[in-house]
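Participant: Sequence and computational prediction follow.
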Amino acid sequence: METKYVVLLTLAVMLVLVNGDGESSVKPIVKIVKGKKVCDKGWECKGLSEYCCNQTISDYFQTYQFENLFAKRNSPVAHATGFWDYHSFITAAAGYQPHGFGTTGGKVTSMKEVAAFLGHVGSKTSCGYGVATGGPLAWGLCYNKELSPNKLYCDDYYKLTYPCSPGASYHGRGALPLYWNYNYGETGEALKVDLLNHPEYIEQNATLAFQAAIWRWMTPVKKHQPSAHDVFVGNWKPTKNDTLAKRVPGFGTTMNVLYGDQVCGQGDSESMNNMISHYQHYLDLMGVGREEAGPHEVLSCAEQEAFNPTSTSSSSSSS
Ligand SMILES: *[C@@H]1O[C@H](CO)[C@@H](O)[C@H](O)[C@H]1NC(C)=O
Ligand SMILES: *[C@@H]1O[C@H](CO)[C@@H](O)[C@H](O)[C@H]1NC(C)=O
Ligand SMILES: *[C@@H]1O[C@H](CO)[C@@H](O)[C@H](O)[C@H]1NC(C)=O
């Protein structure tokens with residue numbers, strides 16, 4: 001009885017693994033809706049979306065690859081030992097794969113998007129430095145929070161919309177770290193979690209931390225603007241203004257969307273180059289190869305004008 005069960009289980013596992021490459025390991029439910037093929041792949045890509053007909057992230061990005069990318073995160077000198085894991089990432093990504101996260105275009109485009117997203121994450125959460133063992137790029141996901149915040153990041157301008165909770169501190173937390181009450185408030189609204197009163201949830205729950213980061217990646221900062229996802233996968237067509245501002249589809253513009261003139265339009269800054277280096281390194285580790293990242297013009301935002309300049313008087317009325 002027992003052995004029979006084991007044999008059956010082994011067979012089932014083999015069937016899943018043996019499935020030819022290029023094809024997903026989960027048999028989708030396929031339907032045609034208004035002439036379009038849409039699929040549902042169960043928990044990882046749910047809800048009849050055309051994106052779910054493509055490979056899902058766990059089809060081409062597995063535990064060992066996550067371990068390679070973030071090799072040092074559980075070392076004794078890391079600052080979030082035991083916190084981050086593959087499962088949290090995939091669980092968080094599941095909610096966004098039906099919307100195209102890691103499921104847009106062919107396998108290479110999908111893998112590039114995961115490398116780009118994680119490149120941002122790795123760079124923002126690294127404790128690597130020039131002489132660190134394994135090199136400076138091996139230390140992503142070393143933090144899950146800012147260690148010595150010197151303020152509460154409470155902006156009173158938002159006291160009606162996102163009032164600070166007494167005693168709460170809105171310092172950096174997460175995979176693409178959140179700062180300030182309004183960012184916790186907005187993200188919490190989107191994820192239906194009370195982050196304004198409980199910003200600490202982000203440092204207690206890796207799935208939530210990844211969710212917040214993927215939500216940011218997938219969501220425009222302002223209405224009528226592209227998201228980082230959009231500018232990366234080619235959903236976004238630059239307008240004449242974009243072209244004049246040197247904004248082109250690709251990795252460079254993802255930094256513009258997420259960080260604006262903190263990073264972009266500053267020439268070859270260290271923080272910009274650090275993100276690019278993480279992205280290229282992850283492409284190599286994932287077996288895609290950094291040559292797929294494209295030329296420097298696409299990778300960089302050194303000469304770009306920000307979508308949302310911080311200097312000009314409260315920017316435009318576009319939102
Ligand atoms: C699904 O993958 C194919 C290539 O394998 C690609 O041409 C197509 O655009 C992808 N679907 C979506 C919705 O991105
Ligand atoms: C962590 O966050 C996820 C996603 O928001 C949620 O589903 C889960 O219940 C949370 N876990 C705990 C222990 O609160
Ligand atoms: C293009 O830029 C000009 C000048 O900054 C601005 O007035 C105009 O509204 C912009 N057009 C679009 C479509 O954003």
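Facilitator: Now that the structure is in, tell me what you want to look at. Residues are numbered from 1 along each chain as shown. Ligands and ions are numbered 1, 2, ... in the order given.
Participant: what's near enough to touch the spatially most central residue of the chain?
Facilitator: Centroid-nearest residue in the chain, with Cα atoms, centre = their mean: Phe117, separated by 3.7 Å. Applying Cβ atoms under 8 Å, 6 or more residues apart in numbering, we find Phe117 in contact with 101-102, 213-214, 217, 228. (C-beta placed from N, C-alpha, C; glycine too.)
Participant: Repeat the analysis, applying 7 Å as the threshold.
Facilitator: Going by Cβ atoms under 7 Å, 6 or more residues apart in numbering, Phe117 touches Trp217.
Participant: how much space is there between it and Glu305?
Facilitator: 24 Å (Cβ to Cβ, to the nearest Å).
Participant: what's the answer for Tyr182, then?
Facilitator: With Cβ to Cβ as the criterion, Tyr182 and Glu305 are 24 Å apart.
Participant: How about Asn241?
Facilitator: Taken as Cβ to Cβ, the span from Asn241 to Glu305 is 9 Å.
Participant: More neighbours: those two, which one.
Facilitator: Comparing Asn241 with Glu305 by other Cβ atoms under 10 Å, the one with more neighbours is Glu305, at 17 against 10.
Participant: That one against Thr243, yeah?
Facilitator: No. Using Cβ atoms under 7 Å as the test, Glu305 is too far from Thr243 to be in contact (10.9 Å).
Participant: Tell me if Val30 really is in a helix.
Facilitator: No. Counting by DSSP: H, G, I helix; E, B strand; the rest coil, Val30 is located in no helix; its state is strand.
Participant: can you tell me which residues contact it?
Facilitator: 37, 39, 53.
Participant: Same list, those residues, but as CSV with neighbour count please.
Facilitator: Converted to CSV, these look like this (neighbours: other Cβ atoms under 10 Å):
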residue, neighbour count
Lys37, 11
Cys39, 22
Cys53, 18
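Participant: Ligand 2 contacts on this protein?
Facilitator: Residues of the chain found near ligand 2 (Cβ under 6 Å from any ligand atom) are 205, 207-208, 211.
Participant: Contacting ligand 1 as well, which ones from the residues you listed?
Facilitator: Among the residues of the chain next to ligand 2, no residue sits close to ligand 1 (Cβ under 6 Å from any ligand atom).
Participant: Which one (most neighbours) among these?
Facilitator: Of the residues of the chain next to ligand 2, with other Cβ under 10 Å as the count, Gln211 tops at 26 neighbours.
Participant: Next up, the contacts around it.
Facilitator: 92, 95, 191.
Participant: Kindly report the same for Lys37.
Facilitator: 30, 50, 53.
Participant: Can you tell me the SS state at Phe101?
Facilitator: The local conformation at Phe101, judged by three-state DSSP, is coil.
Participant: Return the distance of it relative to Arg173.
Facilitator: 21 Å.
Participant: Quick check: buried residues in stretch 59-71?
Facilitator: Residues of stretch 59-71 classed as buried: 59-61, 65-66, 69-71 (neighbour count, 16 or more other Cβ atoms under 10 Å).
Participant: Just the endpoints, please. Distance across that stretch?
Facilitator: With Cα to Cα, to the nearest Å as the measure, stretch 59-71 spans 21 Å from end to end.
Participant: ok, now stretch 31-39?
Facilitator: So stretch 31-39: terminal residues 6 Å apart, Cα to Cα.
Participant: Using neighbour counts, pick out the buried residues of it.
Facilitator: By neighbour count on 16+ other Cβ under 10 Å, the buried set for stretch 31-39 is 38-39.
Participant: And the average pLDDT for that stretch is what?
Facilitator: For stretch 31-39, mean pLDDT rounds to 94.
Participant: At which residues are the strands of the chain located?
Facilitator: 29-33, 36-40 (DSSP state E).
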